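**Student:** need the 3D shape of this:
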Amino acid sequence: MRFLRHSLTGLFLAAMAAALMLYAAQLVIGAVQTRLNAEPSKPPVRERIFAVNLVTAELQDISPELTAFGRIESRRTLELRSATGGRVTELSVQFEEGGRVQAGEVLVQVDAADAQAAKQEAEADMLDARAEERDAGRDLILANDELEATQDQAQLQARAHQRQLDLLARGVGTTAAVEAAELTAVQARQSVISRRQAVSQAEARVDLAVTRVARTQIALDRAGRDLADTTLRADFDGTLQAVTLVEGRLVSANEKLAELVDPNVLEAVFRLSTLQYARLLDADGQLLQAPVRVTLDAAGAGLVATGQLSRASGAVGDGQTGRLLYASLDLAPGFKPGDFVTVKVSEPPLQQVARVPASALGSDGAVLVLGAQDRLEALPVELLRRQGDDVLIRGAGLAGRQVVIGRTPLLGAGIRVRPLRQGADLEAAQTPEMIELSDERRAALVTLVEDNPRMPDAVKERLLGQLAEAAVPARLVDRIEARKGG
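**Tutor:** Next up, the predicted model:
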């Protein structure tokens, strides 16, 4: 009986456990089916608002600047070459790299012994030519005098012949006397012809003497130039560079010795694209005398010079594009030929344009402006110039609108935004936060400042003056308390 009772009890408990498990399974299956058949609940949709930075588009007249890179050159550069060969006997103390020389200063002296001797020989030849010229002149005078005397004799003989003819006509003279007188007159005329030939020869001698003097003068001038070429002088005030000469060296004719450049007459040479060059032309196609600013930023030098455009190159050049421009500089202290510089050229002003950051312009050629209910609107604009990180734009209805800067792909027309206007927010951010201190905290801060041995007295006075005010900057309080115990 006891065994039967225990068996029935165990069977009952097993049946109860199975029933409970079936009931639990039914509950789980029912809950899952209810969950699957129920419609999903959606949370309330909230519009996302983006914070954007805005800037006011103000229309104004702006002169754009073209930026290019170029080099500095001197408008007056002279190659110093030896006009004659020989040994260098004298050099100027300033004949060195970077030496400054004055106009007319003797730079190089080549041995002038041979040139001096040649000049002296030319001078001696000139003395001989002058003497020959004077002698020929005297012979011409004597020849003319002899011609006059011979002509007088011929006239006398002609009159004597005429008297014999008159006597013969009256029957007094004889035929022999007439013939003798006629022969004498013919001989006198022959003497006149001979004297005329002598005068012609004397004149030819004078002409030859004049020619000889001229040729001798040419030789003398050449010798003088050869002698002057042995001395090399500076044509203008300037600085020497590329010096390759020492005293005592033999130089050949036309050998390059150095270069003389004028550091006060400089110009900037730079290249622009054809489109940029076209912007600098006037209505007649002539290059504008636009102002230019040249900057040398090497190693933080910060040298700046001003000038204006002077001319453009006559040809593009082999393998080149664009246009090569030259800008004459006014005063350029610190600049040297060969410097690599940044050139900014001012273009003619653009009328009624707005200058905004380049991040405000989208790839579609439009900007986003703030509309009604703080929603964005797309406004098409015309891009006129890029100026560094800014752009110059123009568009209908742009004046006075709030333009979004730093736009992202998440922003577009119709999106609601929270505007952060440039200027007001910046001023608020720069305004330090002020707090009021209790007497105990103020006294503790004053003690910390006074007990700091490393703080200068001037700084202590300034900090104590700020702590004595009713409102104290929060950053100052945090900084003092951060050093407590340090």
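
**Student:** tell me where the model's unsure across the stretch 251-400 of the chain.
**Tutor:** Scanning the stretch 251-400 of the chain for pLDDT under 70 picks out the ranges 298-301.

**Student:** what helices and strands are in contact with the helix or strand where Thr89 lies?
**Tutor:** Assessed by DSSP states H and E, Thr89 sits inside strand 86-91. Strand 86-91 sits against strand 106-110, strand 250-251, with contacts defined as 3 or more Cβ pairs under 8 Å, 6 or more residues apart in numbering; DSSP states H and E. (C-beta placed from N, C-alpha, C; glycine too.)

**Student:** want to throw these into JSON lines with distance to Arg375?
**Tutor:** Output for those, formatted as JSON lines (distance: least, Cβ to Cβ, whole Å):
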{"stretch": "strand 106-110", "distance to Arg375": "78"}
{"stretch": "strand 250-251", "distance to Arg375": "83"}
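
**Student:** what sits against the residue positioned nearest the centre of the chain?
**Tutor:** In the chain, the residue lying closest to the centroid (Cα atoms, centre = their mean) is Ala268, at 1.5 Å. Contact analysis of Ala268 by Cβ atoms under 8 Å, 6 or more residues apart in numbering lists 70-73, 292, 294, 307, 326-327, 329, 341, 343.

**Student:** give the bridge partners for it, please.
**Tutor:** Per DSSP bridges, residues listed as beta-bridge partners of Ala268: Ile72, Ala327.

**Student:** quick one: Ala209 from Glu132, how far?
**Tutor:** 5 Å (Cβ to Cβ, to the nearest Å).

**Student:** neighbour count: these two, which is higher?
**Tutor:** Ala209 (21 against 18; other Cβ atoms under 10 Å).

**Student:** quick check: that one vs Gly99, distance?
**Tutor:** Remark: distance between Ala209 and Gly99 (Cβ to Cβ) = 51 Å.

**Student:** again with Glu65
**Tutor:** Counting by Cβ to Cβ, the gap from Glu65 to Gly99 is 38 Å.

**Student:** what mean pLDDT does stretch 474-485 get?
**Tutor:** What stretch 474-485 shows for mean pLDDT is 72.

**Student:** list the buried ones in it?
**Tutor:** 476-477, 480 (16 or more other Cβ atoms under 10 Å).

**Student:** quick revisit: can you name the next helix or strand after the strand holding Thr89?
**Tutor:** Scanning onward from strand 86-91 (DSSP H and E), the first element met is strand 100-101.

**Student:** before we move on, the earlier item: so which of the buried residues of stretch 474-485 are in helices?
**Tutor:** Residues of the buried residues of stretch 474-485 located in helices (DSSP state H): 476-477, 480.

**Student:** just the endpoints, please. Distance across stretch 360-375?
**Tutor:** End-to-end distance for stretch 360-375: 16 Å, by Cα to Cα, to the nearest Å.
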